[in-house]
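Asks: Provide a 3D model corresponding to the input given below.
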Amino acid sequence: MNDELVQRSAEWYAARAGSLGASKVRDAFSRLKKGERTAAAENLLYEIAAERLTGVPAKQVNARQWGVDSEAEARLTYAFLTNLPVVQIGLIQHPTIPCSHASCDALVGDDGCLEIKAPTSATHLKTLLADVVPEDHLPQCYWAMAVTGRAWTDFVSFDPRFKDPRLQLFIKRIERDEAVIKAMEDDARAFLAEVEDKLKALDARYPVEAA
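Replies: Numbers count the residues shown, from 1 in each chain. Down below sits the predicted model:
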């Protein structure tokens, strides 16, 4: 027993890392009707495992700020390990669909795009074990190819908090798929047409008065 720790101190958070506490046992033991773990239990499992691999308490990390702060390091690490030329960009407009664009994290060589994520350690661990690009990031990767006309996108998940360097950078290449891209472009045109309809309806309801 360590009764000298002050609750919510840095030492207290460090002592909790990788450990199942009383406040979380309800989540850990929760099950669905068919007996599977709930999403809360599954998330907690990966969170505790990641804390053991990093030594960093999940609750002490501002996930959004971490992602922003880590992107540049991730880009440099990717370029170093792959030995590929990487060029940062701002924004590229879609060549045929007005008011649509992509802001890739970089262009790679003559044919590639780069999409970087610096997620929570638990999410990074899930990606490492699944060895696939998370489905919710696939549309962004394909849209980058739709806008740029490039042949592939390298998806990167980066977490330098993992003590083992082999686990810090995950790279998975997504090849261009014309059928997927065409479907996305059709959906984008339909969606943007609805945006225009909303604006026209607003103009009709609130016409600009003549001066």
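Asks: ok, and for the helix of greatest length in the chain, which residues are buried?
Replies: Longest helix in the chain, counting residues (DSSP state H): helix 178-205. By 16 or more other C-beta atoms under 10 Å, the buried positions in helix 178-205 come out as Val180, Ile181, Met184, Glu185, Ala188. (Each C-beta comes from the backbone N, C-alpha and C, glycine too.)
Asks: which strands and helices sit next to it?
Replies: Applying 3 or more C-beta pairs under 8 Å, 6 or more residues apart in numbering; DSSP states H and E, we find helix 178-205 packed against helix 138-148.
Asks: ok so, going back, looking at the buried residues of helix 178-205, which is nearest Ala79?
Replies: The nearest member of these to Ala79, counting by C-beta to C-beta, is Ile181 at 26.1 Å.
Asks: mind listing what the residue lying closest to Val132 once chain neighbours are set aside touches?
Replies: Spatially, and ignoring its direct neighbours in sequence, Val132 is nearest to Lys172 (6.8 Å; C-beta to C-beta, 6 or more residues apart in numbering). For Lys172, the contacting residues are Asp131, Val132, Val133, Asp154, Phe155, by C-beta atoms under 8 Å, 6 or more residues apart in numbering.
Asks: Now which of those would you call buried?
Replies: Using 16+ other C-beta under 10 Å, the buried ones in the contacts of Lys172 are Val133, Asp154, Phe155.
Asks: right, and the last one touches Ile174 too?
Replies: If I follow you right, that is Phe155. Yes. Counting by C-beta atoms under 8 Å, Phe155 does reach Ile174; the two are 6.2 Å apart.
Asks: Now for the two: what residues contact both?
Replies: In contact with both Phe155 and Ile174: Val133, Cys141, using C-beta under 8 Å, 6+ apart.
Asks: Not counting residues beside it along the chain, what's closest to the spatially most central residue of the chain?
Replies: Residue closest to the mean C-alpha point of the chain, counted by C-alpha atoms, centre = their mean, is Lys117 at 4.3 Å. Spatial nearest neighbour of Lys117, excluding adjacent residues (C-beta to C-beta, 6+ apart): Ser157 at 5.1 Å.
Asks: Within the helices and strands, which one has the one you found?
Replies: strand 152-158 (DSSP states H and E).
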